[in-house]
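Visitor: make a model of this:
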Amino acid sequence: MISIVLVEPEIPENTGNISRTCACTGMPLYLVGKLGFEITESRLRRAGLDYWDKLTVERVPDLSVLTERFGEDKFWYFSSKARRSFADAAYPSDAFLVFGKETKGLPPELIAAHPDRAVRIPMRPTLRCLNLSNSVAVAAYEALRQHDYFNMQ
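Guide: Below is the predicted model:
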């Protein structure tokens with residue numbers, strides 16, 4: 001099962017939209033570190049609509065908790081600073097797709113430490129980045145496509 005990991009997300013609407021993507025695809029969602037909002041905020045629940053109860057979500061204090069539990073080699077780091085295109089990667093069926101906070105992304109040292117598993121979504125060079133929820137959707141469906149969409153219709 002492919003999983004989505006958000007490191008310190010800041011905007012509840014983005015996390016709500018991502019939770020809906022995770023519910024519709026069956027992907028677990030891991031929320032790492034300090035959040036920029038409360039899970040009980042109405043905006044987050046409203047963005048997830050009636051899908052919140054169909055979502056597997058887990059809060060963890062630090063990314064190392066997940067990498068130690070599941071194995072570092074399953075983690076793919078998405079950043080506009082990475083050199084490799086996300087479409088050139090072959091994601092394992094149990095991959096973890098990791099995204100950083102909206103204002104800063106993932107720490108540069110994390111990307112530098114994992115150059116083989118640091119990927120970017122191509123875009124025009126004059127623009128900063130895509131919206132986080134859009135990036136997660138693009139990445140999630142590419143990983144699912146590579147595995148024939150598992151048991152989805």
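
Visitor: distance of Ile98 relative to Ala140?
Guide: Actually, residue 98 is Val rather than Ile. Distance, Val98 to Ala140, by C-beta to C-beta, to the nearest Å: 12 Å. C-beta coordinates here come from the backbone N, C-alpha and C atoms, glycine included.

Visitor: please identify which of the two sits among more neighbours.
Guide: In this view Val98 and Ala140 are compared by other C-beta atoms under 10 Å, and Val98 has more residues nearby, 26 against 21.

Visitor: and stretch 66-80, C-alpha only, in CSV?
Guide: Extracted C-alpha coordinates of stretch 66-80, given in CSV (Å, rounded to 0.1, in the frame of the first residue of the first chain):
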residue,chain,number,x,y,z
LEU,A,66,8.3,6.2,10.2
THR,A,67,11.6,5.5,8.5
GLU,A,68,12.7,3.3,11.5
ARG,A,69,9.4,1.5,11.5
PHE,A,70,9.1,0.9,7.7
GLY,A,71,12.6,1.1,6.4
GLU,A,72,14.3,4.2,4.9
ASP,A,73,14.5,2.7,1.3
LYS,A,74,10.7,3.0,0.9
PHE,A,75,10.6,6.8,1.3
TRP,A,76,10.4,9.2,-1.7
TYR,A,77,11.0,12.9,-1.0
PHE,A,78,9.1,15.4,-3.2
SER,A,79,10.8,18.8,-3.6
SER,A,80,11.0,21.5,-6.2
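
Visitor: quick one: contacts of that stretch?
Guide: For stretch 66-80, contacts defined as C-beta atoms under 8 Å, 6 or more residues apart in numbering pick out 5, 30, 32, 60, 86, 89, 91-92, 94-100, 105-106, 110-111, 114, 117-121, 123, 128-129, 135, 139.
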